[in-house]
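**Q** Would you be able to build a 3D model of this:
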Amino acid sequence: MKEKVTAALLRMGIAVPIIYFGIPIVAVPYYPGYSFVKHTASELGSNRAVHPDPVNAAIITLGIVTLLAAFGFLLALYRLGTNPLLAWLTMIVVVSHGLGSLLSGIFPIPDPRHGGGALSAGMFLVPIIFAFVLWKRSNTRLLKGYLIANIILFVAMVPIMSGIIEMDRSMIAGLLQRILAFTAFTPIGVGAYVLMKCLKNFQKLNRVMSD
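**A** Next up is the predicted model:
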């Protein structure tokens, strides 16, 4: 039963980036003149949108799904014998990630509580923490190449988004946000998928050992 619950929670983790990047695609028709390059995802839930409530409800759902997935990561990593500190740290950053989405939906822009502030700061550790968690879980070059590329992209975006590199971001705010979101949301989906495969292999090995 515990293994089924863990698998169900990890499936929610796989769904996280799909939901995040899917919401704007569905919501765009209700925001006249919306540009994926110029406008951020949050603007789809603002008072400038024609029907913001369904968008914010979807973002709240994303937050809840992410929070549930966090416990799936904890259960899976414990089951696989991961260092408890790293397992809990993984759960914490995913919980922080989920709180960011949840509070973004509850408090749409221009509310200053949008995004969760310090409560969601852990999401920026997701690329690094997941690289530690997943690196030894697979010997595939594809996964390791993805992890390296994701961290490089994340590091490159930090000085741009923080303002260290001075530039006019007004016309490409949406593009920049989506690039940064890619580095923070996709590791959750990739991580959940990899851990599900690891758990299946672990269970098969246990069955073989017990026969």
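**Q** who's in contact with the spatially most central residue of the chain?
**A** Centrality entry for the chain: nearest residue to the mean C-alpha point is Phe185, 2.7 Å, by C-alpha atoms, centre = their mean. Listed by C-beta atoms under 8 Å, 6 or more residues apart in numbering, the contact partners of Phe185 are 16-17, 20-21. (C-beta placed from N, C-alpha, C; glycine too.)
**Q** Give me the three-state assignment for it.
**A** Secondary structure assignment for Phe185 (DSSP: H, G, I helix; E, B strand; the rest coil): helix.
**Q** State the distance from it to Gly22.
**A** For Phe185, the distance to Gly22 equals 11 Å [C-beta to C-beta, to the nearest Å].
**Q** If we go by neighbour counts, what in the helix or strand containing Lys197 is buried?
**A** According to DSSP states H and E, Lys197 maps onto helix 173-210. Neighbour counts over helix 173-210 (16 or more other C-beta atoms under 10 Å) mark 173-196, 198-199, 202 as buried.
**Q** mind checking the SS state of Ser138?
**A** coil.
**Q** Now do the buried residues in stretch 139-149.
**A** Buried, per 16+ other C-beta under 10 Å, within stretch 139-149: 143, 146-147.
**Q** and that stretch, average pLDDT?
**A** Here stretch 139-149 scores 89 as its mean pLDDT.
**Q** looking at this structure, which helix or strand is least sure?
**A** Ranked by mean pLDDT, DSSP states H and E, the weakest helix or strand in the chain is helix 173-210, scoring a mean of 88.
**Q** Check the offset of it from the chain's centre.
**A** Averaging C-alpha positions (C-alpha atoms, centre = their mean, to the nearest Å) puts helix 173-210 11 Å from its chain's average.
**Q** so where's this structure shaky on pLDDT?
**A** Counting by pLDDT under 70, the chain shows low-confidence ranges at 205-211.
**Q** what does stretch 67-77 contact?
**A** With C-beta under 8 Å, 6+ apart as the test, stretch 67-77 has contacts from 2, 5-6, 8-10, 12-13, 16, 86-88, 90-92, 94-95, 97-99, 102, 133, 188, 191-192, 195-196, 198-199.
**Q** can you check stretch 26-37 too?
**A** Residues contacting stretch 26-37 (C-beta under 8 Å, 6+ apart): 24, 39, 43-45, 48-51, 54-55, 58, 171-172, 174-175, 178.
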